[in-house]
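Asker: Need a 3D model of the following:
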Amino acid sequence: MDSFTAFTTLPGPGPAEALAAAMDGMTPAPEGIGCFEIEDGAGLWEVQGYFTAAPDAAELAILAAAFGARPFAVSELPATDWVAHVQRELAPVEAGRFFLYGSHDAGRVPADPGRIALLIEASMAFGTGHHGTTKGCLLALDRLAAAGVTPGRVVDVGCGTAVLAMAAARLWPGAEVLASDIDPVAIEVAVANLAANGLGGRIGSLVAAGLDHPAIAARRPFDLILANILAGPLVALAPDLGRAVAAGGRVILSGLLAIQADDVLAVCRAAGFRPEARDNLGEWATLTLVRGQ
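Answerer: Below is the predicted model:
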C-alpha cells in the first residue's frame, strides 16, 4: 500500500509544536507526526506528517497559513520494505577494534580475536554505527580501553539500538552496564540486539528519560555515562551528569554538530567536567569529559 508524507518548516518551537498538534485533527488523520529542530543554526523547525491515505491539500494549506509555515510539500511513497532495503545497502562499519555488521554480512566478520564484532540490524531505532556520532562514540570508547580505563558502572542514556552499551560490555566484561531510552520501541530493538549478541544477561535495559529513573538513580555514581542524543537534551542533562558521575569518572557525549560542541562543553564545565578528548567526524562532534575530583 502506498503512503504519503507532508512536511513544512517554520520558525520557533512553539508554532511548530502547535501546528503538529493541529495536524492530529485532520481528516484523514496522519498515522504519525514528527516535530524537530533543523540543526543548521537557522532556527527553523520541521513538521512532518505520515499518511496512509492522500492528505487533504486544502486542509494542509489552511494549517500552513494559520501557523505561519511554508506550504506543505507532499510526497507519495511507494510500498517498500525499507528495513530490508537498508539492511541490503548498509556496509559493515569499522571503528577502532569494533566491527559492526548486519546479518547479511555475517561472512565478512574478521577472524582476528582482537576485533570486537557486534551484530546490529537496521531497524526503527538509531545506532547502526554508520552515523558520525555513533562512530565517534565507539572510537572514544576504544581509546579509553586502550588507555587502561576500567569503569565499574556504565549507563547508555538514549541507547537506541544499544550499540554503545554492548560495546562497553565487550570492552569491560566486569562492568555493570545499563541501557535506557525514552522510546519503548528503541528498548524493544535493544533487547533483540542484546539477545543476538549473547549479552541479554549482561546488560540491563529500561524505558526512562534522563537519569532520574529509580533503577538508574540506585546505581549512582557511574564511572562512565554514554549519551548520544542531541545538543539541546545534553545541555539540559548536564547538571544531572555532574551529580551522577563519580569523581574522576567520564562522560562520552555526542549527537551534536561540531558548531554546537562549545555550548555543550560550557554547561558541562559548570557541572564539574573538564575536556579530555574531542572527535570530529564530518560535521559531527563527540566529547569525552572527565569529572573533577
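
Asker: contacts and neighbour counts: CA atoms only from here.
Answerer: OK.

Asker: Residue 28: what secondary structure?
Answerer: Three-state call for residue 28 (DSSP: H, G, I helix; E, B strand; the rest coil): coil.

Asker: give me phi/psi at the nearest residue to it once chain neighbours are set aside?
Answerer: Distances taken as CA to CA, 6 or more residues apart in numbering put residue 55 closest to residue 28, at 6.2 Å, once the chain neighbours are dropped. Recorded main-chain torsions at residue 55 are phi -70, psi 160, according to degrees, to the nearest 10.

Asker: Quick one: the helices in the stretch 1-150 of the chain, in order.
Answerer: Using DSSP state H, counting those that start in this stretch, the helices of the stretch 1-150 of the chain run over residues 13-23, 57-67, 82-89, 132-146.

Asker: Need the winner for burial among those.
Answerer: Scoring the helices of the stretch 1-150 of the chain by mean neighbour count under mean count of other CA atoms under 10 Å gives helix 132-146 as the most buried, with a mean of 21.

Asker: just checking, next helix/strand downstream of it?
Answerer: strand 153-157 (DSSP states H and E).

Asker: Relative to that next one, what are the paired strands and their orientations?
Answerer: Paired neighbours of strand 153-157 in the sheet (DSSP bridges): strand 176-181 (parallel), strand 222-228 (parallel).

Asker: for the helix or strand just after that strand, packing partners?
Answerer: Toward the C-terminus, strand 153-157 is succeeded by helix 163-171 as the next helix or strand (DSSP H and E). The contact analysis (3 or more CA pairs under 8 Å, 6 or more residues apart in numbering; DSSP states H and E) places helix 163-171 against strand 116-119, helix 132-146, strand 153-157, strand 176-181, strand 203-207.

Asker: Just the CA coordinates for helix 163-171, please, in CSV.
Answerer: What follows is helix 163-171, C-alpha atoms only, in CSV (Å, rounded to 0.1, in the frame of the first residue of the first chain):
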residue,chain,number,x,y,z
VAL,A,163,25.3,-0.5,20.3
LEU,A,164,27.3,1.7,22.8
ALA,A,165,26.1,-0.3,25.8
MET,A,166,27.1,-3.5,24.0
ALA,A,167,30.5,-2.0,23.0
ALA,A,168,31.2,-1.1,26.6
ALA,A,169,30.2,-4.6,27.9
ARG,A,170,32.5,-6.2,25.4
LEU,A,171,35.4,-3.9,26.3
